[in-house]
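> structure for the following, please:
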Amino acid sequence: MDTEAEFDRLLLFEQIRKDAEETYKLNPLDADNLTRWGGSLLELAQFHSISDSKQMIQDAITKFEEALLIDPKKDEAVWCIGNAYTSFAFLTPDETEAKHNFDLATKFFQQAVNEQPDNQHYLKSLEMTAKAPQLHTEVHKHGLGSQPMGGVEPSAPPSSKAVKNKKSSDAKYDAMGWVILAIGVVTWISFAKANVPVSPPR
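From the prediction side, this is the model:
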């Protein structure tokens, strides 16, 4: 995606976040609004440093949990929490902490599937989370934790390790693609219900 499109997405989701914050002041018991707010935070997280992204993901989880206090059967919020924990896990280098977050994600994905057993997004998320810890290990073995979420790497001179670096880079992009897809799907579903013009993830 080009820089201009990325900037447009950033502006769009920042506006959605601000609108949700204002709506919350008027009606703090609107579970759909809280889910949109959390979804916008998840989307915005990919534009920040890893530490800031992790904080935004935690803030998103808080919004989803608040939505579930209002509407405990809100399967979109349950599923969004699963995606948030998955994203958080990929940004966490410590395998034990990451596994804990993947386990939480699995719990929430399973709960979403229990609520909507025919929802293909929920089923696919549950299936992918089972594979996520192995991908996490591979990605962090090759140094994802030191990279910005957007995948921008500092330039380095060419070396004789080009093939190994390509494998490392491929693993990073596989993981980040998975995280970004999860965030994109979460956001698209969340905002589709709000009639916000957001293109579906590709």
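> spatially nearest residue to residue 54, not counting backbone neighbours?
Closest residue to residue 54 apart from its sequence neighbours, by C-beta to C-beta, 6 or more residues apart in numbering: residue 91 at 5.4 Å. The way it works is simple: take the backbone N, C-alpha and C, and place the C-beta from them, glycine included.
> measure the one you found to residue 120 for me?
Look at residue 91 and residue 120: by C-beta to C-beta, to the nearest Å, they are 26 Å apart.
> between those two, which one's more packed in?
Remark: of residue 91 and residue 120, residue 91 carries more neighbours, 22 against 8, as counted by other C-beta atoms under 10 Å.
> got a pLDDT number for that one?
Note on residue 91: pLDDT of 91.
> and if you look at residue 170?
With respect to pLDDT, residue 170 has a value of 48.
> so where's the protein uncertain?
Filtered on pLDDT under 70, the chain yields the residue ranges 1, 143-202.
> could you redo the last one with a cut-off of 50?
Within the chain, the stretches with pLDDT under 50 are 145-174, 185-190, 192-193, 195-202.
> now stretch 35-53: buried residues?
Buried positions in stretch 35-53, judged by neighbour count with 16 or more other C-beta atoms under 10 Å: 35-47, 50, 53.
> residue 115 is in contact with residue 73, correct?
Yes - in this structure residue 73 lies within contact range of residue 115 using C-beta atoms under 8 Å: 6.5 Å.
> more crowded one of those two?
Using other C-beta under 10 Å as the criterion, residue 73 and residue 115 rank with residue 115 on top: 15 against 9.
> tell me the contacts of the more buried one?
Counting by C-beta atoms under 8 Å, 6 or more residues apart in numbering, residue 115 makes contact with 73, 75, 78.
> what helix or strand does the spatially closest residue to the last one that is not a sequence neighbour sit in?
Excluding the flanking residues, the one nearest residue 78 by C-beta to C-beta, 6+ apart is residue 112, at 4.5 Å. Under the assignment given by DSSP states H and E, the secondary-structure element containing residue 112 is helix 95-115.
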